[in-house]
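1. Give me a model of this one.
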Amino acid sequence: MNPTGDGPRPEDIGVVAVASANPAKTAAVRDAFALFGQAPSIVRAPVDGGPEQPIGDQQTREGAERRVRQLRATCPDARWWIGIEGGVEDVGRDLMVSAWAVVAHGDRESHSRSATFSLPPSIAAKVRAGTPLGEVTQALSIDENWQQSGLLGVLSGGLLSRAELYVQPIALALIPLFSPWQRITEAELGT
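-> Down below sits the predicted model:
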């Protein structure tokens, strides 16, 4: 099934390389492709995204882009390359958490950003003082699945997970690569 038109068919998907060994990111990629009726073969390939704790929207986006560039070199036989980078950003008095997803296929690349959530003041203070969010999450976690559930899982009592936060931006970045929307002309829009 290919609900969006003339994009890749299941037999054309091939290998999808994910720029991480993190199980939450791999699960999110699998779930995002499933929304399009796809079940690709996924390869994990950890690469350097840059700073351990990206700060600001631009640094976070650049981290995802850097992951894709490095992934293309590391996994040249893949058909798709996906970089996901989480970061924090000061917005007013809040320290917000979000992620960028970059999906590349052939010579095309698409970007999307996740929803955001604010950190509790005590956690925000630790992160602002230089403690990476991953270390804070690991310290707060009650089990070994802290990478899968992430801080969002800890703070929401398991209602939401890090993987779920990543699914939507990956799916949104896939849309232009699966659909003909980029070929819509001004004439078709009535302008």
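
2. Bridged to residue 85, which residues?
-> residue 100 (DSSP bridges).

3. neighbours around it, how many?
-> Number of residues near residue 85 (other Cβ atoms under 10 Å) recorded here: 26. No exception for glycine: its C-beta is placed from N, CA and C like everyone else's.

4. Check what pLDDT it gets.
-> Residue 85 carries a pLDDT value of 95.

5. Can you verify my assumption that it contacts residue 47?
-> No. Between residue 85 and residue 47 there is no contact under Cβ atoms under 8 Å: 10.9 Å.

6. Sort out which residues of the helix or strand where residue 109 lies are buried, please.
-> Per DSSP states H and E: residue 109 is located in strand 108-113. Buried positions in strand 108-113, judged by neighbour count with 16 or more other Cβ atoms under 10 Å: 109-113.

7. May I see these arranged in TSV, with distance to residue 62 as well?
-> As requested, the buried residues of strand 108-113 are exported to TSV (distance: Cβ to Cβ, whole Å):
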residue	distance to residue 62
109	13
110	16
111	11
112	15
113	13
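
8. Out of those residues, which comes closest to residue 98?
-> residue 113 (6.0 Å; Cβ to Cβ).

9. what sits against the closest one?
-> With contact set as Cβ atoms under 8 Å, 6 or more residues apart in numbering, residue 113 has these partners: 57, 61, 98-101, 169.

10. looking at the residues you listed, which has the most residues close by?
-> In those, the most neighbours by other Cβ under 10 Å go to residue 101, 29 neighbours.

11. Just to check, it is in contact with residue 173?
-> Yes. Shown here, residue 101 and residue 173 form a contact pair, counting by Cβ under 8 Å, at 5.0 Å.
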